[in-house]
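Trainee: predicted model, plus sequence, below.
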Amino acid sequence: MRTQDFSQAPDIAQAGVMFVGGTRYTSPAAWLRHAGRYRTMIAEMKRMRGYRGHRTYWQPPFTLGTIAWFDTVDDLMLFARTGTHRELMAWVTDGTRNATGGWIRIYTADPHGYTNGVWRAEGNVMQNIETFTPIGKEQVGPPVERRKRVAKEPSTGTPGDGPVR
């Protein structure tokens, strides 16, 4: 069901903003030097207003990244201003000793979305919406549940009949 009420959904589904970032470290030794600072930063992030959750990911060969969810962009930006985060970013960008690159993206959530079952605020119902959200110039999206195709009649062998597919 389409909804604007995510009150029954998990914390990350209630977030209004998602941060995704990655840092390519110079070596596994740089990862180890980074580990203590990263744990401290994560502990501080968890205490911040608007924090909803985070995940850490690895991309070979030496990239570690964070995906974090907050209520608002302001909540995320307040975290970015903390001393621990500033120190870690200065450590990462000290030249090429610790890291060779990094990136971030910030995504904001639309107020509407989709919920089902136990996460549905309007009742514990599992069912599809009737149509997909329209895209482009569509007024109405196509049906979610495919319509059953009607089987074609077998060929009569009449000239001009092609093979039945």
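Mentor: Perfect, thanks for sending it.
Trainee: confirm residue 22 sits in a strand?
Mentor: Yes. Secondary structure assignment places residue 22 in a strand (DSSP: H, G, I helix; E, B strand; the rest coil).
Trainee: residues near the residue nearest to it when sequence neighbours are not counted, how many?
Mentor: Leaving aside its chain neighbours, residue 22 sits nearest to residue 65 (3.4 Å; criterion: Cβ to Cβ, 6 or more residues apart in numbering). In short, each C-beta sits where N, CA and C put it, glycine included. When neighbours are counted by other Cβ atoms under 10 Å, residue 65 registers 18.
Trainee: bridging residues for residue 65?
Mentor: Beta-bridge partners recorded for residue 65 (DSSP bridges): residue 22, residue 57.
Trainee: could you do residue 70 as well?
Mentor: Assessed by DSSP bridges, residue 70 has beta-bridge partners residue 17, residue 51.
Trainee: for it, which residues are in contact?
Mentor: Residue 70 sits next to 15-17, 19, 48, 50-52, 76, 79 when contact means Cβ atoms under 8 Å, 6 or more residues apart in numbering.
Trainee: nearest to residue 90, of those?
Mentor: For those, the closest approach to residue 90 (Cβ to Cβ) belongs to residue 79, at 15.9 Å.
Trainee: give the buried residues for stretch 56-75.
Mentor: Going by neighbour count (16 or more other Cβ atoms under 10 Å), the buried part of stretch 56-75 is 62-71, 75.
Trainee: for those residues, work out which two are farthest apart.
Mentor: Comparing every pair within these by Cβ to Cβ identifies 62 and 71 as the most remote, at 32.2 Å.
Trainee: that older thread, where does the residue nearest to residue 22 land on pLDDT?
Mentor: As predicted, residue 65 sits at a pLDDT of 94.
Trainee: next one: residue 121
Mentor: So, for residue 121, pLDDT stands at 89.
Trainee: from what I can see residue 142 touches residue 130, true?
Mentor: No. At 10.2 Å, residue 142 does not count as touching residue 130 under the criterion of Cβ atoms under 8 Å.
Trainee: biggest helix in the protein, by residue count?
Mentor: Of all the elements of type helix in the chain, the one with the most residues (DSSP state H) is helix 28-46.
Trainee: what lies in contact with that one?
Mentor: Residues outside helix 28-46 that contact it (Cβ under 8 Å, 6+ apart): 25, 51, 54, 62, 64, 68, 79, 82, 84-85, 87-88, 91-92, 97-99.
Trainee: check contacts around the most centrally placed residue in the chain.
Mentor: The structure's the chain has its C-alpha centroid closest to residue 18; by Cα atoms, centre = their mean the separation is 7.0 Å. By Cβ under 8 Å, 6+ apart, residue 18 lies in contact with 67-69, 106-109.
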